[in-house]
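In: Predicted model and sequence follow; I will ask about them next.
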Amino acid sequence: MKPVLEFANVTVSFGGLKAVNDVSFTVYEGQIFGLIGPNGAGKTTAFNAITGFYKPDKGDILFYGESIVGKPTWWISRKGISRTFQNIRLFKNLTVLDNVRIALHQTARYGLFDAAARLTPRFATREEEVLSVSAELLQSVGLYDEKDKIASQLPYGKQRELEIARALALKPKLLLLDEPAAGMNPTETRELAKYIKEIRDRLGITVFVIEHHMDLVMTICEEIAVMDFGVKIAQGKPEDIKNDPRVIAAYLGQEVEESA
Amino acid sequence: MRKRTLQMLLILLILFLVPQLLYNLGFISPYILSVLMELCFFAVSAVSLNLVFGIAGQFSLGQAAFMGTGAYVFGYIINRSPNWVVFVPALLAGGLAAASLGYLVGLPTLRLKGDYLGIATLALNQIFVVVIQNLNAVGGARGYILNLGQTFRQWWLFFGLAVISIFLMRNVVYSSWGRLMVAVREDEIAAESVGIDTTKAKIWAFVIGAFFAGIAGAMSAVYSSFLHPSSFNFIQSFNYMVMVILGGLGSLSGSLLGAGIYVALLEGFRIAKDYASYIPILGAITQNEYRIVFFALALILIMLYAPKGLMGGREFSFFKGKELERK
Ligand SMILES: Nc1ncnc2c1ncn2[C@@H]1O[C@H](COP(=O)(O)OP(=O)(O)O)[C@@H](O)[C@H]1O
Ligand SMILES: [Mg+2]
């Protein structure tokens, strides 16, 4: 198996706090890889380091063998890593269609003169392609009929799906999902699990998913890493993770805190 | 589509012909026609500022500096030899010079956001004024006389340039280029994460906006045949901002409306002032002061009752790209 993402001894700190502390793991091609851990464990920070929002203090992050540390976010995205956000980050005031269309900027590549004159065949064909690809993507998440709605008017679960559709518009090789099931009911979560599997099986995209709750991750992931207080405390198959005493302790500890 | 295009052409033809014929037949004075010419370059400038501020979300108070660059470069070239052969290259040179200034300013300042960018562009505007005041080749603080006569001061030229400029800007806005700018305005983090180089998108917005501001500046040079640094100070930039906000951020057709209202008020005050001079106290207030008071008042009213401007971010339907409609 080919490594897609190598997270090697990465440390990210905020002032004195090591949000990610010397963490290493490797995501292989075709995997659905899960990262779990209690709130504040450092999961989102790991995503932010991968996507170039934060620069690690130490360690290296390789994408298909090439270091992406210090590269700008847009560059990493074009390279083939796209993501969703824990607190959905759609273009809230724009239409559902525009949210996807914006992400298709590489399909809509034409010069300023094509755009200004609007007469060249290049403009017409590329824009038509953008519309047909958008339609396909929106149909795949069942949002085509709502394409003219303003994104923020969609129900929460649909917004999450739109964000995934937008991420897929970038034709990623690696898709990062930050708590995609947050705020979804059990039925929606099951649908989502199916959809994530389809993304991997049909589109051949490697998926790296963060979850706070274990259920979703246990059903779809082949490999799971567990973080707590910035440190990786375990990694393995779902069955092993479920029974790992350190993992149970981390989650139990959190429940005690939450009920206190 | 075909039908729409024909309709549009017909409307434009009427808009062009009616003032021209009325003028030729002596129904409207040269004064009215020249107000309409003024409206043309105000509209181009307002739309170009809206592209930068309303579409790309970059707060710029340096619009007059870009217009001034266009005006002075155009003026300097056309003054060498005021004829039609030189006109088009001079016009484009004006636009390109302004665009280059937009690029140069964009590089360092676009790292700034919101108010800070506003202050930086305002500073640019003042620097521009000081530079011109000290440039003897273009008359410095005394101003620069253009020996153009009436050759270029034609309604068809102003109308044509305005239509072409606004058409081109609208096309850019309703294309992938415009979508990237809107994405930057809406959410820079989301934009970066979908692979948009936000710095580049902002610089392009500045360059394109500045180009057309330069064209508008050149038009203003033809209009008045006299350039003075004070015509391009930050108060003018502020006036264009008023037009844009009046019409509504992000609504290009709103900017046309904003420019229209602005010109109507501006000229209205000119007339009102003649009457006001008979009334004590009011008579002492100059036209400029009326304007400032009134526009401040208008802005406050808009903020209160139509915070998104008269068009509320929408477009007149004739203005939209058909297959690329944006709600
Ligand atoms: N930008 C930031 N500045 C300061 N502290 C941060 C920042 N981002 C995250 N943290 C802190 O880092 C820790 C890990 O946060 P995060 O990665 O969001 O956790 P998780 O996603 O696992 O819930 C938390 O203690 C959080 O408060
Ligand atoms: Mg998180």
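Out: That came through, no problem. Ligands and ions are numbered 1, 2, ... in the order given.

In: tell me the domain ranges of chain A?
Out: Domains of chain A are assigned by automatic domain parsing as A:1-80+A:172-260, A:90-170.

In: what about the first one and ligand 2, any contact?
Out: Yes - legend: contact between domain A:1-80+A:172-260 and ligand 2 by Cβ under 5 Å from the ion is shown at residue A:44. The way it works is simple: take the backbone N, C-alpha and C, and place the C-beta from them, glycine included.

In: Let me have the domains of chain A in CSV, extended by distance to chain B and mean neighbour count.
Out: Output for these, formatted as CSV (distance: least, Cβ to the nearest Cβ, whole Å; neighbours: other Cβ atoms under 10 Å in any protein chain shown):
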stretch, distance to chain B, mean neighbour count
domain A:1-80+A:172-260, 4, 18
domain A:90-170, 4, 19
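
In: and of those domains, who's closest to residue B:316?
Out: domain A:90-170 (18.2 Å; Cβ to Cβ).

In: how long is that closest one from one end to the other?
Out: 15 Å (Cα to Cα, to the nearest Å).

In: Work out the gap between that domain and the centre of the chain.
Out: 18 Å (Cα atoms, centre = their mean, to the nearest Å).

In: Over to stretch B:36-52?
Out: 3 Å.

In: sorry, back to before: could you point out which of the domains of chain A sits nearest ligand 1?
Out: Nearest of the domains of chain A to ligand 1, taken as Cβ to the nearest ligand atom: domain A:1-80+A:172-260 at 3.2 Å.

In: which sections of the stretch 1-150 of chain B are below the confidence cut-off?
Out: Where the stretch 1-150 of chain B drops to pLDDT under 70, the residues are B:1.

In: Same check on the stretch 201-327 of chain B?
Out: B:273, B:276-291, B:313, B:317-318, B:320-327.

In: so who does the residue in it that ligand 2 sits nearest to touch?
Out: Nearest residue of the stretch 201-327 of chain B to ligand 2: residue B:201, at 28.2 Å (Cβ to the ion). Counting by Cβ atoms under 8 Å, 6 or more residues apart in numbering or on different chains, residue B:201 touches B:56, B:180-181, B:183-184, B:191.

In: Which residues are in contact with the residue nearest the centre of chain B?
Out: Nearest to the mean C-alpha position of chain B, counting by Cα atoms, centre = their mean, stands residue B:45 at 0.9 Å. Each residue near residue B:45 by Cβ under 8 Å, 6+ apart is listed here: B:63, B:67, B:212-213, B:216-217, B:240, B:259.

In: ditto for residue A:110
Out: Contacts for residue A:110 (Cβ under 8 Å, 6+ apart) come out as A:120, A:122-123, A:126, B:175-176.

In: Do you know the pLDDT at it?
Out: What the model reports as pLDDT for residue A:110 is 90.

In: Could you tell me which residues make contact with the spatially closest residue to it that is not a sequence neighbour?
Out: Leaving aside its chain neighbours, residue A:110 sits nearest to residue A:122 (4.9 Å; criterion: Cβ to Cβ, 6 or more residues apart in numbering or on different chains). Residue A:122 is in contact with A:110-111, A:114, counting by Cβ under 8 Å, 6+ apart.

In: Give me the distance between residue A:122 and residue B:115.
Out: Separation of residue A:122 from residue B:115 (Cβ to Cβ, to the nearest Å): 40 Å.

In: Next: residue A:142.
Out: 42 Å.

In: Then residue B:134?
Out: Counting by Cβ to Cβ, the gap from residue B:134 to residue B:115 is 29 Å.

In: just residue A:100 next, same as before
Out: 33 Å.

In: Reformat the contacts of residue B:45 as TSV; add distance to residue A:247, neighbour count and secondary structure.
Out: Output for these, formatted as TSV (distance: Cβ to Cβ, whole Å; neighbours: other Cβ atoms under 10 Å in any protein chain shown; DSSP: H, G, I helix; E, B strand; the rest coil):
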residue	distance to residue A:247	neighbour count	secondary structure
B:63	60	31	helix
B:67	65	34	helix
B:212	61	28	helix
B:213	61	40	helix
B:216	65	32	helix
B:217	67	33	helix
B:240	61	29	helix
B:259	65	27	helix
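
In: Determine which two of these are furthest apart.
Out: B:217 and B:259 (14.8 Å).

In: So of the contacts of residue B:201, which two are at opposite extremes in space?
Out: It's B:56 and B:191 that sit farthest apart of these, by Cβ to Cβ, at 10.8 Å.

In: Give me the common contacts of those two.
Out: Joint contacts of residue B:56 and residue B:191 (Cβ under 8 Å, 6+ apart) are B:184, B:201.
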